[in-house]
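A.B. asks: Structure, please.
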Amino acid sequence: MKIEYNFAFFDEGSKREIRRATLKAIAIPGYQVPFASREMPIARGWGTGGLQLTLSLVGKEDILKVIDQGSDESVNAVNIKKLIALTTGIVVTDETTEATIIQSRHRIPETPLQEDQILVLQVPIPEPLRYYEPSEYETKKLHAEHEYSGAWLMLFEQIVNYGAMSTGADHPVMVHSRYVMAPSPIPRFDNPKLNQNKALILLGAGREKKVYAVPPYTKVASLDFADYPFRVETFQDKCCRLCGAKDVFLDELLNDITGEALYQCNDTSYCLQRMNGISKE
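C.D. replies: Numbers count the residues shown, from 1 in each chain. Sure thing, here's the model as predicted:
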């Protein structure tokens, strides 16, 4: 028996409801907008928030790219691509420059995004104040009152304990000088890419039923102190062993024979593109 779905899986009413929440999120940068998160054919926590955003926005002419921690071929990325392609018939690509919609988990592509692109980030914990305030009611009050001293206190405690801010990922940011926002578990290396980005950036948390956004050309600043400025991960004097790229986020690998540390581009598509360019030369 052949089972047929509506275009992009959802019924049109569900798409409209998610789009309305998305429009409100775009109108109020960094603000978490509640939405009626739907049941999906994948488990919550595996990107259902981002997937719902993508399915509500995708059109027949769109080109889709899905990455998971920099990889186009991880289990999560492959299965999300399969679901979207099977229910829409749209073209899927690994090239960042070709895609109109890019859904990502834990990374922003190395290739700069453009004005005609949408980046959808999967989010596990959308509330940046949750680490020190468990009550949803209280966190909403803190956002409304612009009371973010707890966020700075959290970073100050890291400095006291470790001598530096120790957030490896999901370092909180201030959006449009108004809302403190969780940028999703992207590494600190990717935080500066949020600032004045040409693309529309949408963030969806399916389990927490929240959507929020960073519109194009929006000011985004990572929280820090004057005497302890925000710093990204550094790979000084290191380059990708495959394409030779520098100034990108690198994965550290270990040579099983020599025990030597090797470095490789985390963004597999970017690395392959560079290698193809080098081979043509």
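
A.B. asks: Test my guess that residue 44 contacts residue 207.
C.D. replies: Yes: assessed by CB atoms under 8 Å, residue 44 is found in contact with residue 207 at 4.2 Å. All C-beta spots, glycine's among them, are computed from the backbone N, C-alpha and C.

A.B. asks: Residue 207 against residue 49, yeah?
C.D. replies: Yes: between residue 207 and residue 49 there is a contact under CB under 8 Å: 7.3 Å.

A.B. asks: Now list whatever residues contact both of the two.
C.D. replies: When contacts are counted by CB atoms under 8 Å, 6 or more residues apart in numbering, residue 207 and residue 49 have residue 37 as shared neighbours.

A.B. asks: who's more crowded, these two?
C.D. replies: Using other CB atoms under 10 Å, the more surrounded residue of residue 207 and residue 49 is residue 49, with 29 against 16.

A.B. asks: Next, count neighbours for the closest residue to residue 131 other than its chain neighbours.
C.D. replies: The spatially closest residue to residue 131, leaving aside those adjacent along the chain, is residue 154, at 6.1 Å (CB to CB, 6 or more residues apart in numbering). Here the count is done by other CB under 10 Å, and residue 154 has 17 residues near it.

A.B. asks: Quick one: residues contacting residue 197.
C.D. replies: 113, 119, 214, 216-218, 220 are the contacts of residue 197 under CB under 8 Å, 6+ apart.

A.B. asks: so of those residues, which ones are in strands?
C.D. replies: For the contacts of residue 197, membership in strands holds for 119, 214, 220, with DSSP state E as the criterion.

A.B. asks: can you pick the most crowded of the residues you listed?
C.D. replies: Neighbour tally across the ones in strands among the contacts of residue 197 (other CB under 10 Å): the maximum, 28 neighbours, falls on residue 214.

A.B. asks: tell me the contacts of that one?
C.D. replies: 29-30, 175, 181, 194, 197, 200-201, 203, 220.

A.B. asks: Need the per-residue pLDDT for it.
C.D. replies: As predicted, residue 214 sits at a pLDDT of 98.

A.B. asks: shift numbering so it begins at 76
C.D. replies: Sounds good: first residue 76 from here, last item residue 289.

A.B. asks: Apart from its neighbours in sequence, what residue is nearest it?
C.D. replies: Nearest residue to residue 289 in three dimensions, chain neighbours excluded: residue 276, at 4.2 Å (CB to CB, 6+ apart).

A.B. asks: distance of the closest residue to residue 166 other than its chain neighbours from residue 156?
C.D. replies: Excluding its sequence neighbours, the residue lying closest to residue 166 (CB to CB, 6+ apart) is residue 138, at 4.8 Å. Distance of residue 138 to residue 156, computed by CB to CB, to the nearest Å: 12 Å.

A.B. asks: same check, this time on residue 115
C.D. replies: 15 Å.

A.B. asks: picking that back up, how close does the residue nearest to residue 166 get to residue 226?
C.D. replies: 37 Å.
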